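> Got a predicted structure plus its sequence, pasted below:
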Amino acid sequence: MRRPNSALYAVLAVLVVATIASWWLGDDHGLGTGDVAIVAVLAVTFAKVWLVGMHFMELRHARPVVKGLFNAYVVAVPTALFALHLAA
Amino acid sequence: MSAVERPVEPAAAVRPAEPEPAADARRTPGEGGIWVFILADMTVFALMFGALVLLQADDPARYELGQDHLHVGVGVANTIVLLGSSLAVALAVRHARAGALVPARRLFSVAFGCALLFWALKLYEYTSLGGDGVSARENEFFLYYFSFTGVHLLHVTLGLAGLAGVVRLTRRPALSDHERSLVETGASYWHMVDLLWIVLFALLYLYG
């Protein structure tokens, strides 16, 4: 039977692996520089933010307005950051 | 034996962790006001993230030169330390809700220790950069680096005070509904400290 807290441990494992993988990829092992690298860093970073919000902050069970505002942040901020990068 | 007569599984009665809430039992952890603060604070930090993106776009080579001075290993370690503290806090909240205050206190104490470790690693990095002759007056990259990580470290410090308060609360024999809500409020704040660092780490150490 699945332990009730196993999902939290799995989320931590994903977050740690994503942190180390983005470090390795960013360290001249694959992503290099340019728009693709920037999109990759932003996507992985805000996916991690979403995981923390939904699982550690328990927002997946929160009132729709709070959950909706958090989800909007996780989509709008990296989108705006990439738009700023392109416009600058 | 019918389903009605089936005895309750003993392990379920003592299981410390709270079961997943049903889909129709939606509730937001903590005091309502904390979510106004968290979302507002995240918005302020989004402006800092924007400033870093503009700085990098303005002069990618200078930005990369600044990044080369940073200790990315320390940044990764600090990220993992905060992620571990967030897990400890999330588990502690579940124990506290189930009334298992001894393991909750232990886990909150682990998170407190992680926060101290984050502080120590940040201090090491600041000292090391100072030893290399780097300061906030060096250039815009380091002005932003010291300002933004300094503001975040202030959040960590407030989080330390909050975690200490939560550890004290869990010394009581039982928690009232209001006290349980205060525990959730402190936990939610701490998770925000974690997620803000996730973005700052990526933009300062990896981005570009």
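Sure, I can see it. Only a predicted model underlies this, so the values are computations on that prediction, with no experimental measurement involved. Residues are numbered from 1 along each chain as shown, chains lettered A, B, ... in the order given.

> tell me which element the residue of chain B found nearest chain A falls in.
Closest contact between chain B and chain A, by CB to the nearest CB, is at B:A57 (3.4 Å). For the C-beta atoms, the positions are set from N, CA and C on the backbone; glycine is no exception. B:A57 belongs to helix B:32-58 when assigned by DSSP states H and E.

> Same question for B:S135.
Counting by DSSP H and E, B:S135 is found in no helix or strand.

> In terms of pLDDT, where does residue 79 sit?
Using chain A here. Here, the pLDDT recorded for A:T79 equals 97.

> actually chain B
The model's pLDDT for B:T79 equals 98.

> Report whether the helix or strand where it lies contacts chain A.
Following DSSP H and E, one finds B:T79 within helix B:72-97. Yes. Judged by CB under 8 Å from any CB of the partner chain, helix B:72-97 comes into contact with chain A through B:72, B:76, B:79-80, B:83-84, B:86-87, B:89-91, B:93-94.

> Show me what counts as buried in the helix holding B:A57.
Within helix B:32-58, the residues that count as buried by 16 or more other CB atoms under 10 Å in any protein chain shown are B:34-35, B:38, B:41-42, B:45-46, B:48-53, B:55-57.

> Check those residues and tell me the two furthest apart.
The most widely separated members of these, counting by CB to CB, are B:I34 and B:A57 (34.4 Å).

> Now do the helices in chain A.
Taking DSSP state H as the test, the helices found in chain A are A:6-26, A:35-51, A:64-87.

> can I get those helices in JSON lines with distance to B:R27 and mean neighbour count?
JSON lines is the format used below for the helices of chain A (distance: least, CB to CB, whole Å; neighbours: other CB atoms under 10 Å in any protein chain shown):
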{"stretch": "helix A:6-26", "distance to B:R27": "18", "mean neighbour count": "17"}
{"stretch": "helix A:35-51", "distance to B:R27": "20", "mean neighbour count": "19"}
{"stretch": "helix A:64-87", "distance to B:R27": "10", "mean neighbour count": "16"}
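
> Go through the ones you listed and name the closest to B:A136.
helix A:64-87 (23.1 Å).

> and that closest one, what other elements does it pack with?
helix A:35-51, helix B:32-58 (3 or more CB pairs under 8 Å, 6 or more residues apart in numbering or on different chains; DSSP states H and E).

> so which of those helices gets nearest A:R63?
Going by CB to CB, the one of the helices and strands packed on helix A:64-87 nearest A:R63 is helix B:32-58, 8.9 Å.

> So which other helices or strands are in contact with that closest one?
Looks like helix B:32-58 contacts helix A:64-87, helix B:140-169, helix B:177-201 (3+ CB pairs under 8 Å, 6+ apart).

> Would you format those helices as JSON lines with distance to B:G99 included?
Formatted as JSON lines, the helices and strands packed on helix B:32-58 follow (distance: least, CB to CB, whole Å):
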{"stretch": "helix A:64-87", "distance to B:G99": "26"}
{"stretch": "helix B:140-169", "distance to B:G99": "13"}
{"stretch": "helix B:177-201", "distance to B:G99": "9"}
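
> A:A21: which of the ones you listed is closest?
Between A:A21 and these, the tightest spacing by CB to CB is seen for helix B:177-201, at 13.7 Å.

> in that closest one, what's buried?
For helix B:177-201, by 16+ other CB under 10 Å, it's B:180, B:182-201.

> give me the subset of those touching chain A.
B:188, B:191-192, B:194-195, B:198-199.

> Specify which member of those residues is nearest to B:L123.
The closest of these, once distances to B:L123 are taken by CB to CB, is B:D194, at 18.9 Å.

> Nearest to chain B within chain A, name that residue for me.
A:A88 (3.4 Å).

> quick revisit: outside of the very next helix or strand once past the helix holding B:A57, which residues touch it?
Later in the chain than helix B:32-58, the nearest helix or strand by DSSP H and E is helix B:60-69. Residues from elsewhere that reach helix B:60-69, judged by CB atoms under 8 Å, 6 or more residues apart in numbering or on different chains: A:33, B:55-56, B:129, B:132, B:134, B:139, B:141-142, B:145, B:204-205, B:208.

> now swap in stretch B:107-118 and tell me
B:78, B:81-82, B:84-86, B:88-89, B:91-92, B:95, B:156, B:159-160, B:163-164, B:166-167, B:170, B:190.

> Point out where the chain drops to low pLDDT.
Looking at chain A here, since you left the chain open. Filtered on pLDDT under 70, chain A yields the residue ranges A:1-3, A:26-33.

> switch to chain B, that's the one I care about
B:1-26.

> what about the residue nearest the centre of chain A, distance to B:E140?
What sits nearest the mean C-alpha location of chain A, by CA atoms, centre = their mean, is A:A47, with 1.9 Å. Per CB to CB, to the nearest Å, A:A47 is found 29 Å from B:E140.
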